[in-house]
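Participant: coordinates only, sequence not included:
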Ligand SMILES: [Zn+2]
């Protein structure tokens with residue numbers, strides 16, 4: 001499942017490929033993806049994408065003429081793949097060999113641009129969506145997200161407030177997208193390791209110095225992952241052909257049973273907050 005850094009990488013790829021290209025036609029191959037909106041095609045054909053923004057894992061597309069927005073969420077298996085007018089795959093993620101032969105059975109929406117380039121939206125599981133919303137709907141959906149690393153609302157002042165009057169665990173709090181937007185399972189485990197706190201501790205036991213460490217590392221781990229193109233187990237191929245490789249940097253996630261890089265103790269894995277949770281019981285308190 002893509003996490004925020006992977007979605008940010010996708011956003012940047014799309015930005016470099018599809019902006020200012022006129023949509024000549026749209027093929028809707030599965031109605032569920034567009035939430036069965038009968039006006040989807042009519043609303044966008046002849047228009048152009050002019051901006052792509054993101055909050056958490058939600059991509060938001062803006063158009064030259066259409067007054068609303070298109071929200072795009074990859075959920076578990078959603079995938080955007082761009083092909084230029086020679087059919088060369090210029091951007092996409094989680095690519096397998098089959099994806100070089102498009103469209104295929106999981107292709108759900110196809111945008112054909114003037115000049116013969118194409119954007120394919122594939123989704124195996126059918127949880128992903130491309131949904132048209134009004135500006136008001138977009139505003140209220142965006143308002144539901146918490147402070148996000150890498151944006152201006154991610155300040156120490158705002159971060160410190162998220163712990164007020166809460167008795168939940170560190171991990172549950174940081175995974176709550178209404179509180180902190182963008183952090184997923186992998187990155188919460190990594191941030192807790194770097195901050196030397198056990199993810200299942202309740203937040204009211206945190207010292208100020210520990211909160212400060214979490215503030216710093218939640219942001220750093222996300223920014224490093226974006227810079228590295230995301231994680232390889234969710235394979236990302238950027239326009240320059242590089243594969244995502246943040247998995248090389250993971251210190252606890254997916255390392256259960258292996259020795260801690262800092263102390264040699266064996267990394268543990270438990271289920272916490274409904275998720276596989278990795279930690280070093282020596283390095284983290
Ligand atoms: Zn350790």
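Facilitator: Perfect, thanks for sending it. The structure presented is a predicted model; accordingly, all values stated were derived computationally and were not measured.
Participant: residue 138: what secondary structure?
Facilitator: Of the three states, residue 138 takes helix under DSSP: H, G, I helix; E, B strand; the rest coil.
Participant: who's in contact with it?
Facilitator: By C-beta atoms under 8 Å, 6 or more residues apart in numbering, the residues touching residue 138 are 60, 68-69, 71. C-beta coordinates here come from the backbone N, C-alpha and C atoms, glycine included.
Participant: just give me the closest of the residues you listed to the ion.
Facilitator: residue 60 (40.0 Å; C-beta to the ion).
Participant: could you pull up the residues touching the closest residue in space to that closest one that isn't next to it in sequence?
Facilitator: Leaving aside its chain neighbours, residue 60 sits nearest to residue 53 (4.8 Å; criterion: C-beta to C-beta, 6 or more residues apart in numbering). Residue 53 sits next to 11, 59-60, 62 when contact means C-beta under 8 Å, 6+ apart.
Participant: cool, residue 151 as well?
Facilitator: Residue 151 neighbours (C-beta under 8 Å, 6+ apart): none.
Participant: gap between the longest helix along the chain and the chain center?
Facilitator: Scanning the chain for the longest helix, with DSSP state H as the assignment, gives helix 208-227. In this view, helix 208-227 has its centroid 17 Å away from the chain centroid, taken as C-alpha atoms, centre = their mean, to the nearest Å.
Participant: would you mark the buried spots in it?
Facilitator: 210-211, 213-215, 217-219, 221-222, 225-226 (16 or more other C-beta atoms under 10 Å).
Participant: how about stretch 64-78?
Facilitator: 66, 68-74, 77-78.
Participant: just the element for the residue of the stretch 101-250 of the chain found nearest the ion, please.
Facilitator: Using C-beta to the ion, residue 193 is the residue of the stretch 101-250 of the chain that sits closest to the ion, at 8.2 Å. Element membership of residue 193, judged by DSSP states H and E, is helix 185-194.
Participant: tell me what that helix is packed against?
Facilitator: Helix 185-194 sits against helix 170-175, helix 208-227, strand 275-279, with contacts defined as 3 or more C-beta pairs under 8 Å, 6 or more residues apart in numbering; DSSP states H and E.
Participant: how about a markdown table for these, with mean pLDDT and distance to the ion added?
Facilitator: Below are the helices and strands packed on helix 185-194 laid out as a markdown table (pLDDT from 0 to 100; distance: least, C-beta to the ion, whole Å):
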| stretch | mean pLDDT | distance to the ion |
| --- | --- | --- |
| helix 170-175 | 98 | 17 |
| helix 208-227 | 96 | 15 |
| strand 275-279 | 97 | 9 |
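Participant: right, I'll leave it there.
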